[in-house]
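Q: whatever this is, show me its structure:
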Amino acid sequence: MNKSNIEHPIYIVGHQNPDTDSIVSAYVYAWLLDNKNPSSKAEPLRLGEVNPQTAWLFEQVKLPLPKLKTDCRLRVMDVQVPAITVNPEDPLSSALEKIQECQCDVVAVIDDDEKVMGIITDRLPSTNYLLRCNIEDFLGTVLQFEHLVKGLNLLHLNNIDMHIVPSRIVLGASSPDKMEKKLEHGDILIVSDYPELISLASKCQCSGIIIGGLSKKAATKLSEFCDLPIYFYSGSIPSILSKLTGCFPCSAAIEEKFTWVDEQHSLSEIHSLISKFNHGLLVLDDNLKLTGYISHKSLLGAKKPKLILVDHFESSQSIDGLDEAEVIEIIDHHRIGDIETSLPVAINCKPWGSTATIIYDQIQRYNFKPPVEIATLLLGAIISDTILLNSPTTTNVDINSAKELAEIAKLNLSEFGLTVLKMNDQLVTAEPRKLLNTDCKNYKSGDIRFIVSQIETVDLSQLDDKRKESLTDVFTNQVYREGVSFGVFMVTNVIEHNSFVKIVGEDEKLIKRLLPDDKTITANSWIAEKWVSRKKQAIPYFLDTIKKKF
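A: Down below sits the predicted model:
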């Protein structure tokens, strides 16, 4: 079967640097699709390491985290087919038959350790030369008599060992008088029902006889009175002659220098490479072990991976290879970003506090009741994204959903909510770079690109001058490294509902124009009262300021 025609999973994927809402939304929506249609093949993904809050939440319900996959582009391993293999001593005809039967054009020659020694293809000059050569030029060197036995599937009838090294293959098609002049010491005689020629072969000290065109019983009878090794071929004499060159061992036709591809390469990476060959290529893994075979047909039949995006609408926040995939649905609660699709897609975007709320709404619309584990995940995601229903993004839908989910999960909303929020407090313990990258997103307004990182804490007093300095240094390097116009990191007190906000960047004039006029500014930073939401407070502020002042 052509693997390129196999239906691949529909990937449900959140944003980079995933938070709890992103991971839970991907997981639960895949669960919903599979319950609606068990053959949907929905698979949740995550684009990075999860934060302690998310890890803790999944541990509580004893469910696995989505698989880590940062690139959705089809890879060679996704469309390869099993490779056809032969051993070096197998007949060349066996390799060529497999090529025809399996409709591939390359056979891998492997040794006893399954290491690839080379390839055989009927499109190589070396193979075609052997198929057209005079085999007597190679008899006794490349081509041994045992190769004929194996290639023609000969049956040794009289158990007499061959004592003379074969030098030629002679067809016994003439009268004994004429053949006596042709036969020489060491010849292999191919003969049918000619007892006189068999006797003549003994007289001429031939190395052996191959009998064809007879039944096994008749051939056995002829062999009873011969002192030469006699072998039986269960076919006609013309059939023997047509198959002789196919008896060469595969080692004689092997091409040791061959091009191969890594199973991890994307199809776009190998497209130009495979177009240079008139045959397919072997696929090897990191340990140079054979894993499969890929051809032009594999590339032509490959279907784009299908994606459902949750909790983001910005291409810069999405999975790598987005432009080589087919987005079929978007579920989000952020602003409409710059993601473009070639075909119409289903979009479910609502101005609610979390994507998890939207997905719970869909669960209800299908008259499903989530089990305790799913309800707990959804509740944790809503609490995380709405800061225990205190964020300005919170709606009545979020509040009602949280209450219903707490009841299903048999949890105290306030107690569970505080525990969820505390699980994400790494302000003092985490390494600065990891802390800043845990929840960092990219944005763009016109020609100005910027990043915003949000750190949550239950005690803003932990942010002393030393910690501010270390975070600033690391974040400044990140802004330079990513080449954005500026960066903002905000440390949000989820209990008292305020944030420490710091702007960094190379252009001091740009930063000064971004600072608010009504705040006490210290080193391009200030305390923003009631700022708990990046989406509804921080990002609108910076986007509006950019539009007004630039």
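Q: excluding sequence neighbours, find me the nearest residue to residue 549.
A: Nearest non-adjacent residue to residue 549, counting by C-beta to C-beta, 6 or more residues apart in numbering: residue 513, 4.7 Å away. Every C-beta, even on glycine, is put in place using the N, C-alpha and C of the backbone.
Q: what do you get for residue 91?
A: In space, and not counting its chain neighbours, residue 91 is closest to residue 151: 3.7 Å by C-beta to C-beta, 6+ apart.
Q: and residue 470, how many neighbours?
A: Residues lying near residue 470 (other C-beta atoms under 10 Å) number 14.
Q: give the next helix or strand downstream of the helix or strand harbouring it.
A: Using DSSP states H and E, residue 470 sits in helix 465-482. Using DSSP H and E, the next helix or strand after helix 465-482 towards the C-terminus is strand 486-493.
Q: helices along the stretch 1-150 of the chain, start to end?
A: 20-36, 52-61, 76-79, 92-102, 125-132, 145-152 (DSSP state H, counting those that start in this stretch).
Q: deepest in the core, which of those is it.
A: helix 20-36 (a mean of 25; mean count of other C-beta atoms under 10 Å).
Q: mind giving me the packing neighbours of that one?
A: strand 10-13, strand 42-46, helix 52-61, strand 306-310, helix 355-365, helix 372-386 (3 or more C-beta pairs under 8 Å, 6 or more residues apart in numbering; DSSP states H and E).
Q: returning to that earlier point: contacting residues for the residue nearest to residue 549?
A: Contact partners of residue 513, counting by C-beta atoms under 8 Å, 6 or more residues apart in numbering, are 545, 549-550.
Q: can you pick the most crowded of these?
A: residue 545 (15 neighbours).
Q: would you agree it is in contact with residue 514?
A: Yes - applying C-beta atoms under 8 Å as the test, residue 545 and residue 514 come out as touching, 5.6 Å apart.
Q: which residue sits closest to residue 199, ignoring its sequence neighbours?
A: That would be residue 226: by C-beta to C-beta, 6+ apart, it lies 7.6 Å from residue 199.
Q: am I right that that neighbour is in a strand?
A: No - secondary structure assignment (DSSP: H, G, I helix; E, B strand; the rest coil) places residue 226 in coil, not in a strand.
Q: how close does it get to residue 48?
A: Going from residue 226 to residue 48 by C-beta to C-beta, to the nearest Å gives 78 Å.
Q: ok, the two, which is more surrounded?
A: Using other C-beta under 10 Å as the criterion, residue 226 and residue 48 rank with residue 226 on top: 19 against 16.
Q: what's the more buried one in contact with, if anything?
A: 158, 160, 198-199, 201-202, 209.
Q: quick one: buried ones out of these?
A: Among these, those classed as buried by 16 or more other C-beta atoms under 10 Å are 158, 198, 201, 209.
Q: return the member of the residues you listed nearest to residue 476.
A: Nearest to residue 476 among those: residue 209, at 88.7 Å, using C-beta to C-beta.
Q: three-state assignment of the closest one?
A: Classified using three-state DSSP, residue 209 is strand.
Q: coming back round to it: keep only those of the buried ones among the contacts of residue 226 that are in helices.
A: Counted as lying in helices by DSSP state H, out of the buried ones among the contacts of residue 226, are 198, 201.
Q: report the two of the buried ones among the contacts of residue 226 separated the most.
A: Distance extremes for those: the farthest pair is 158 and 201 at 13.0 Å, using C-beta to C-beta.
Q: how is the chain carved up into domains?
A: Taking automatic domain parsing as the criterion, the chain consists of the domains 3-70+305-422, 77-130+251-301, 139-247, 432-549.
Q: any idea which of these is most buried?
A: Neighbour counts (mean count of other C-beta under 10 Å) averaged over each of these peak at domain 3-70+305-422, with a mean of 20.
Q: report the rounded mean pLDDT for that one.
A: The pLDDT scores in domain 3-70+305-422 average 94.
Q: span of stretch 60-67 from start to end?
A: Using C-alpha to C-alpha, to the nearest Å, the end-to-end distance of stretch 60-67 comes to 18 Å.
Q: sorry, slip of the keys, the one I care about is stretch 387-400.
A: Distance across stretch 387-400, first residue to last, is 15 Å (C-alpha to C-alpha).
Q: one step back: for residue 498, find the nearest of the helices and strands packed on helix 20-36.
A: helix 372-386 (16.4 Å).
Q: just want the angle from that closest one to helix 20-36.
A: Direction vectors for helix 372-386 and helix 20-36, defined by axes from the mean of the first three to the mean of the last three C-alpha atoms, to 10 degrees, enclose an angle of 150 degrees.
Q: any idea how far the residue of the chain most remote from its centre lies from residue 197?
A: Centroid-distance maximum for the chain: residue 177 at 69.8 Å, with C-alpha atoms, centre = their mean. Separation of residue 177 from residue 197 (C-beta to C-beta) stands at 11 Å.
Q: what of residue 19?
A: Taking C-beta to C-beta, one finds residue 19 at 88 Å from residue 197.
Q: report the contact partners of residue 204.
A: Residue 204 sits in contact with 180, 183-185, 187, where contact means C-beta under 8 Å, 6+ apart.
Q: contacts only, for the residue nearest the centre of the chain.
A: Closest to where the C-alpha atoms of the chain average out (C-alpha atoms, centre = their mean) is residue 75, at 4.8 Å. For residue 75, the contact set (C-beta under 8 Å, 6+ apart) comprises 263-267.
Q: now do residue 354 against residue 386, distance only.
A: Residue 354 sits at a distance of 6 Å from residue 386 (criterion: C-beta to C-beta).
Q: hey, what's in contact with both of the two?
A: Residues touching both residue 354 and residue 386 (C-beta under 8 Å, 6+ apart): 393, 398.
Q: biggest strand in the protein, by residue count?
A: The single longest strand within the chain, with elements called by DSSP state E, is strand 448-457.
Q: how close does residue 24 sit to residue 344?
A: Distance from residue 24 to residue 344, by C-beta to C-beta: 27 Å.
Q: what's the helix holding residue 470 in contact with?
A: 427-428, 432-433, 435-437, 440, 442, 451, 453, 486-487, 489, 491, 500, 502, 504-506, 525.
Q: thinking again about what came up before, for the residue farthest from the centre of the chain, helix, strand, or coil?
A: Here residue 177 takes the helix state, with states given by three-state DSSP.
Q: any idea how far residue 187 is from it?
A: Remark: distance between residue 177 and residue 187 (C-beta to C-beta) = 17 Å.
Q: residue 161 and residue 145, how far apart?
A: Separation of residue 161 from residue 145 (C-beta to C-beta): 11 Å.
Q: actually, residue 393.
A: Remark: distance between residue 393 and residue 145 (C-beta to C-beta) = 84 Å.
Q: do the same with residue 97
A: The spacing between residue 97 and residue 145, counted by C-beta to C-beta, is 22 Å.
Q: same question, residue 488
A: Taken as C-beta to C-beta, the span from residue 488 to residue 145 is 81 Å.
Q: in the sheet, who's paired with residue 84?
A: Beta-bridge partners for residue 84, by DSSP bridges, are residue 107.
Q: surely it is in contact with residue 100?
A: No - applying C-beta under 8 Å, one finds residue 84 not in contact with residue 100, separated by 10.6 Å.
Q: what mean pLDDT does the one helix or strand residue 273 maps to get?
A: If you go by DSSP H and E, residue 273 is part of helix 267-274. Helix 267-274 shows a mean pLDDT of 88.
Q: that helix packs against which elements?
A: So helix 267-274, by 3+ C-beta pairs under 8 Å, 6+ apart, packs with helix 76-79, strand 260-262, strand 281-284, helix 296-301.
Q: show me what the second one is packed up against.
A: Contact here means 3+ C-beta pairs under 8 Å, 6+ apart; on that basis strand 260-262 packs against helix 267-274, strand 281-284.
Q: what strands line up against it, and which way round?
A: Partners of strand 260-262, by DSSP bridges, with direction: strand 281-284 (parallel).
Q: just the ones of the contacts of helix 465-482 in helices?
A: 432-433, 435-437.
Q: end-to-end on stretch 76-88?
A: Start-to-end, stretch 76-88 (C-alpha to C-alpha) is 27 Å.
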